[in-house]
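Participant: below are the sequence and a predicted model; questions follow.
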2 protein chains.
Amino acid sequence: MAETEAKTPRERYRAQVREEIKKHAWEQITTAGASALSLNAVAKQIGMSGPALYRYFANRDELITELIRDAFRSLADTFQARAAAGTDLTDLALTLRRWALADPQRYFLVFGTPVPGYHAPEDVTRTLAEVMTVLLDTCTAAPTPSPLPPSPLDAHLADHRAWAGDHPAPPTELHRALATWTRLHGLLSLELAGHFTGMGLDPAELYAAEVQALAHG
Amino acid sequence: MAETEAKTPRERYRAQVREEIKKHAWEQITTAGASALSLNAVAKQIGMSGPALYRYFANRDELITELIRDAFRSLADTFQARAAAGTDLTDLALTLRRWALADPQRYFLVFGTPVPGYHAPEDVTRTLAEVMTVLLDTCTAAPTPSPLPPSPLDAHLADHRAWAGDHPAPPTELHRALATWTRLHGLLSLELAGHFTGMGLDPAELYAAEVQALAHG
DNA sequence: CTCGTTCGTTAGAAGTTATAACTCTCGCGA
DNA sequence: TCGCGAGAGTTATAACTTCTAACGAACGAG
């Protein structure tokens, strides 16, 4: 996971304990959801008693924020690794689904129900921009069989490209990247919530059809 | 909201108290999210002390389940009212967004992050089928300017139509209805989570473009 | 009017987050 | 190498939470 960035022995140990806390916190979240995360239970699991965790995280929210940060980072790293290996839109879409299915609660920590008061720190917004940049690069690199029809949205997109690091792609490709993200997210979020299986549908087939439409539509 | 279905005075009173509990529970959920719902706080608000609520709901989960049921019911009623008044796909899409924006946490209670263990009771699945039926009726009633291209998905959809009450629509329209749902949900869920404003984009414009593509694309 | 069902209450158990105060130990500087 | 201070982990405690148990009061059917 995170490199310990060795300095003093104290800091090395501190970073190690932080990682162990996060590890057990993840286990709890994946099995019972983020709202069921109990600091006490985590402490007990790693053999420390309760309040010791507060040496490492100011409070429960800060721990969860750190996990959210790691989740965004993980997605961005996965995408960037794929981009470095040479990818196309189809592969990127399947990569996204694999990443989501590997840990549904991690996906929902990133894209799921928001807590009304909560605002994500500025750096995770930047990490999301990295993800969008990979997506947009892939869109512009690959041939676009049938370009999206021009729409009033294009003008808006041409003026607002901060979300992809001011990527110099034409509005049509901005639109395509955005549509890819929102449409795949729609499918994934419903699949992970179990709505499709509850309806007797095969999520993989739905996803494949949407990927086909987006990449070669 | 729910008609008291007057029988004995006791039952009438009981239903009334149940409604009041749910009312205050909703207030808490809309302002702080479902995970922050506190039975004690609700009890205090309506002037009862703590454990009294357990005469009305077996536990916290049962109260939340009831709220989920009401949320599904509200969406189905909204859609059916719209259908009765004569609607088209565009109007239905805008109705959905209005319903979502009216209470984002209600939307997420229906379509948001699932709790790992939790399985929705069978009747809410049926209510969701009502929603899909309205959507599918609207798809088949209105002219489809450019029918979706045939895809391998069609065969699967032809065999699995329980999710829309065994609606006898052709697979292409099943596909269109499903795509409408998943694509609008993708946009709405990201909008309500604040991702678009966080990226400097206008959610209404994105939504309008997607509706345009779905209805007249 | 009586009596049983139901309602609301208090008391309490077991859990949670979080703070305060204390002890011990590690490792850095002299 | 020695000493001392910073930091880690501990217990105790406060203020919460959900939920059960036991008790008393009120309501309504007979």
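Facilitator: Done, it's in.
Participant: contacts, neighbours, all on C-alpha from now
Facilitator: Noted.
Participant: kindly report the residues of chain A close to DNA strand D.
Facilitator: Counting by CA under 7 Å from any atom of the strand, chain A comes close to DNA strand D at A:Arg10, A:Glu11, A:Arg14, A:Gly47, A:Met48, A:Ser49, A:Gly50, A:Pro51, A:Ala52, A:Leu53, A:Arg55.
Participant: measure the first one to chain B for me?
Facilitator: This points to A:Arg10. Distance, A:Arg10 to chain B, using CA to the nearest CA, to the nearest Å: 37 Å.
Participant: can you count the residues close to the closest residue to chain B within chain A?
Facilitator: With CA to the nearest CA as the measure, A:Gly186 is the residue of chain A nearest to chain B, at 3.5 Å. Using other CA atoms under 10 Å in any protein chain shown, A:Gly186 is surrounded by 22 other residues.
Participant: show me what the host helix or strand of it is packed against.
Facilitator: Secondary structure assigned from DSSP states H and E places A:Gly186 in helix A:171-192. Helix A:171-192 sits against helix A:89-102, helix A:122-141, helix A:153-159, helix A:203-216, helix B:171-192, with contacts defined as 3 or more CA pairs under 8 Å, 6 or more residues apart in numbering or on different chains; DSSP states H and E.
Participant: apply 6 Å and report the result again.
Facilitator: helix A:153-159, helix B:171-192 (3 or more CA pairs under 6 Å, 6 or more residues apart in numbering or on different chains; DSSP states H and E).
Participant: pLDDT on it, on average?
Facilitator: The average pLDDT for helix A:171-192 rounds to 97.
Participant: list the contacts of it.
Facilitator: Residues from elsewhere that reach helix A:171-192 (CA atoms under 6 Å, 6 or more residues apart in numbering or on different chains): A:Leu136, A:Asp154, A:Leu157, A:Ala158, B:Thr182, B:Arg183, B:His185, B:Gly186, B:Leu187.
Participant: tell me which helix or strand comes right after that helix.
Facilitator: Per DSSP H and E, the first helix or strand lying C-terminal to helix A:171-192 is helix A:195-199.
Participant: how about that following helix: buried residues?
Facilitator: A:His195, A:Phe196, A:Met199 (16 or more other CA atoms under 10 Å in any protein chain shown).
Participant: ok, so of those residues, who is nearest DNA strand D?
Facilitator: Distance to DNA strand D across those (CA to the nearest atom of the strand) is lowest for A:His195, with 25.1 Å.
Participant: roughly how far apart are that closest one and B:Leu96?
Facilitator: Distance, A:His195 to B:Leu96, by CA to CA, to the nearest Å: 18 Å.
Participant: A:Ala142 too?
Facilitator: According to CA to CA, A:Ala142 stands 34 Å off from B:Leu96.
Participant: those two: which is more packed in?
Facilitator: B:Leu96 (20 against 12).
Participant: could you tell me the model confidence score at the more buried one?
Facilitator: For B:Leu96, the predicted pLDDT is 98.
Participant: cool, and the one 10 residues further on?
Facilitator: B:Arg106 carries a pLDDT value of 98.
Participant: let me see the contact set for A:Ala52.
Facilitator: Contacts of A:Ala52 by CA under 6 Å, 6+ apart: none found.
Participant: so how far is DNA strand D from A:Pro121?
Facilitator: Using CA to the nearest atom of the strand, to the nearest Å, A:Pro121 is found at 24 Å from DNA strand D.
Participant: next, count neighbours for A:Gly165.
Facilitator: A:Gly165: 12 neighbours (other CA under 10 Å).
Participant: so for stretch A:11-23, what's the average pLDDT?
Facilitator: Mean predicted confidence for stretch A:11-23 is 97.
Participant: what is the nearest of the residues of chain A next to DNA strand D to A:Asp91?
Facilitator: Here the nearest of the residues of chain A next to DNA strand D to A:Asp91, counting by CA to CA, is A:Arg14; it sits at 38.8 Å.
Participant: how about the closest one: what's its closest non-neighbour residue?
Facilitator: A:Tyr56 (7.8 Å; CA to CA, 6 or more residues apart in numbering or on different chains).
Participant: repeat that for A:Arg69.
Facilitator: Closest to A:Arg69 by CA to CA, 6+ apart is A:Val124, at 5.9 Å.
Participant: next one: that neighbour, what pLDDT does it get?
Facilitator: Looking at A:Val124, its pLDDT reads 96.
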